[in-house]
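Q: Sequence and predicted model, in that order:
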Amino acid sequence: MSNKSQNIHFIAIGGSIMHNLAIALHKKGHHITGSDDEIFDPSKTRLSVNGLLPTEEGWDANRITKDLDAVILGMHARLDNPELLKAQELGLKIYSFPEYIYNQSEDKQRIVIAGSHGKTTITSIIMHVLRYFNRTFDYAVGARIEGFEDMVQLSDAPIIIIEGDEYLSSPIDRTPKFLKYHHHIGMISGVSWDHINVFATEEDYVKQFDLFADASPKSGTLIYCENDSMGTVIGAKGREDVNEIPYNTHAHFIENGVTYLIHGNENVPIKLFGKHNLQNVSGAMEVLKKIGISADQFYTAIQSFKGADKRLEIIAKNESASIYKDYAHAPSKVKATTLAVKEQYPERDLVACLELHTFSSLNKDFMQQYRDTMKYCNVPVVFYSPSTLAKKGLSPISKEEIKASFGENNLNVFDDKEEMLGFLGKQDWKNKNLLMMTSGTFHGLDYNKLSDLLN
């Protein structure tokens, strides 16, 4: 990896992973510029602190000059972006995010964690354990993790841990990101159809994971969750000279709201909970075994792992109630997350609020995938914003259509944030948990104010 200072421009610098790469390269001494037509926190604040926030929002072809050594193009940009067109006209080297990460890690052992769900947590556990034992490694992960200032690090470390997203690499490269990393050790945590705006059919979506598994090199390793039916079909194919390793839900028990891993005669308390997280724990352990972390070391380190940002993150609690927020938005994630909270606190009722925010979740053709996903909730709630539908260019949808898709007779549907908050305020919060699930913001909800519900 070259240490020579370069001039690098980011088109769509405000993205969650793009701005982290920009900061990482800035800290390495490269001259970084960037642009975007909208930048929100935390990206905005972090770019500002590092002196990388564009002076004004919008695109300007004059930012693109022959002096640039590289242009890194984010998915948020469009094909007719004036800066992209200028870079193409000048013949500049244009990278997608995954292409650039690969370019900077060709000489490293590349470990790529893929899957429709769980990949952020698995990647985070691996990073936490390696950091616990002072191992040297690089990484690219999609969420903030305690103990790590940034979400991207590129150095002279011998290995890199990458959260492998199946979404497209860039507007000019419609290859899924995880195929660009060329893994040595790959993982598939599970496969459940998502991103209908890109993969119009479930078959097309599943095919991308099959391609990822088939890309495992000879003498390479493919790790897969055998609790996931489609992941097992793909992972256990029997590829020549590829070490295929299954994992499943870790042996455990729950006592007084605490989950314990069973390790021989030892019971190991952890801060995570839910069957999906117990699968994530097993998957991370299999990866770590391949890079020199023993089982005893793993069980020592996992006890202090608090979870990735926005993954069953505690907002407030008292003696008889807790409030969590979670990034769950796809059907499989919603079902797994609601089940996790219900099983952890079986004596408490569960009020679960899901925001339909993604293109897939607001698509009438895809919404049927949410049927029965909230069946573990005592009080299921769905929120959506008509303005989000309009912004994404989707057809209006009625509350009745949402109820029919989810198949829940007692589903409460709101398209106004204040009405939803009013409904939550009328609940009796004794022996009751609240779970807020979204990849958005619930139309600018201040999560801190939710703690008032428990007072």
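A: Perfect, thanks for sending it. Since we're looking at a predicted model, the values are computed, not measured.
Q: Please give me every residue in contact with Ser105.
A: For Ser105, the contact set (Cβ atoms under 8 Å, 6 or more residues apart in numbering) comprises Met1, Asp138, Leu154, Ile160, Tyr181. All C-beta atoms are positioned from the backbone trio N, CA, C, and that covers glycine.
Q: and the last one, what does it touch?
A: Think Tyr181. Pro98, Ile101, Tyr102, Ser105, Arg110, Val112, Ile162, Gly164.
Q: Give me the pLDDT value at it.
A: If you check Tyr181, the pLDDT there is 98.
Q: and it, what element?
A: Counting by DSSP states H and E, no helix or strand carries Tyr181.
Q: Chain neighbours aside, what residue packs nearest to it?
A: Nearest non-adjacent residue to Tyr181, counting by Cβ to Cβ, 6 or more residues apart in numbering: Val112, 4.9 Å away.
Q: Also Met285?
A: With Cβ to Cβ, 6+ apart as the criterion, Met285 has its nearest non-adjacent residue at 5.1 Å, and that residue is Phe298.
Q: Would you check that that neighbour makes contact with His128?
A: No: using Cβ atoms under 8 Å, Phe298 makes no contact with His128, being 10.4 Å away.
Q: what pairs with Lys317 across the strands?
A: Bridge pairing for Lys317 (DSSP bridges) gives the partners Ser322.
Q: and it, how many residues sit next to it?
A: Other residues within reach of Lys317, judged by other Cβ atoms under 10 Å, total 13.
Q: Next, find the distance separating it from Asp349.
A: 15 Å (Cβ to Cβ, to the nearest Å).
Q: Likewise for Ser387?
A: 32 Å.
Q: These two: who's more crowded?
A: Higher neighbour count among Ser387 and Asp349: Asp349, with 18 against 10, using other Cβ under 10 Å.
Q: Count the residues that sit near the closest residue in space to Ala330 that isn't next to it in sequence.
A: Distances taken as Cβ to Cβ, 6+ apart place Asp194 nearest to Ala330, at 4.6 Å, with adjacent residues excluded. Asp194: 25 surrounding residues under other Cβ under 10 Å.
Q: Am I right that Asp194 falls within a helix?
A: No: per DSSP: H, G, I helix; E, B strand; the rest coil, Asp194 lies outside any helix segment and is coil.
Q: residues near the spatially closest residue to Ile8 that is not a sequence neighbour, how many?
A: Nearest residue to Ile8 in three dimensions, chain neighbours excluded: Ala70, at 4.9 Å (Cβ to Cβ, 6+ apart). Residues near Ala70, counting by other Cβ under 10 Å, number 18.
Q: Now do the contacts for Ala70.
A: Taking Cβ under 8 Å, 6+ apart as the test, what Ala70 contacts is Gln6, Asn7, Ile8, His9, Leu92, Lys93, Ile94, Tyr95, Tyr100.
Q: Let me know the secondary structure of the fifth one.
A: To tie it back to what came earlier, the one meant is Leu92. Leu92 - assigned by three-state DSSP - is coil.
Q: And it, how far from Ile302?
A: Per Cβ to Cβ, Leu92 is found 45 Å from Ile302.
Q: Among these two, which residue is more densely surrounded?
A: Ile302 (24 against 18).
Q: Does the more buried one touch Val129 like I think?
A: Yes: Ile302 lies in contact with Val129 (Cβ under 8 Å); the separation is 6.8 Å.
Q: related to what we said a few turns ago, may I ask which of the contacts of Ala70 has the most neighbours?
A: Ranked by the number of neighbours (other Cβ under 10 Å), the contacts of Ala70 place His9 first, at 25 neighbours.
Q: show me what contacts that residue?
A: Contacts for His9 (Cβ under 8 Å, 6+ apart) come out as Ile32, Thr33, Gly34, Ser35, Arg63, Ile64, Leu68, Ala70, Val71, Ile72, Glu83, Ala87.
Q: Filter those down to just the ones in helices.
A: Of these, the ones assigned to helices by DSSP state H are Glu83, Ala87.
Q: so can I have CSV of the contacts of His9 showing pLDDT?
A: Formatted as CSV, the contacts of His9 follow (pLDDT from 0 to 100):
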residue, pLDDT
Ile32, 98
Thr33, 98
Gly34, 98
Ser35, 97
Arg63, 97
Ile64, 98
Leu68, 98
Ala70, 98
Val71, 98
Ile72, 98
Glu83, 98
Ala87, 98
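Q: In JSON lines: the contacts of His9, plus distance to Asp210.
A: JSON lines is the format used below for the contacts of His9 (distance: Cβ to Cβ, whole Å):
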{"residue": "Ile32", "distance to Asp210": "37"}
{"residue": "Thr33", "distance to Asp210": "39"}
{"residue": "Gly34", "distance to Asp210": "35"}
{"residue": "Ser35", "distance to Asp210": "37"}
{"residue": "Arg63", "distance to Asp210": "40"}
{"residue": "Ile64", "distance to Asp210": "38"}
{"residue": "Leu68", "distance to Asp210": "37"}
{"residue": "Ala70", "distance to Asp210": "32"}
{"residue": "Val71", "distance to Asp210": "32"}
{"residue": "Ile72", "distance to Asp210": "28"}
{"residue": "Glu83", "distance to Asp210": "35"}
{"residue": "Ala87", "distance to Asp210": "33"}
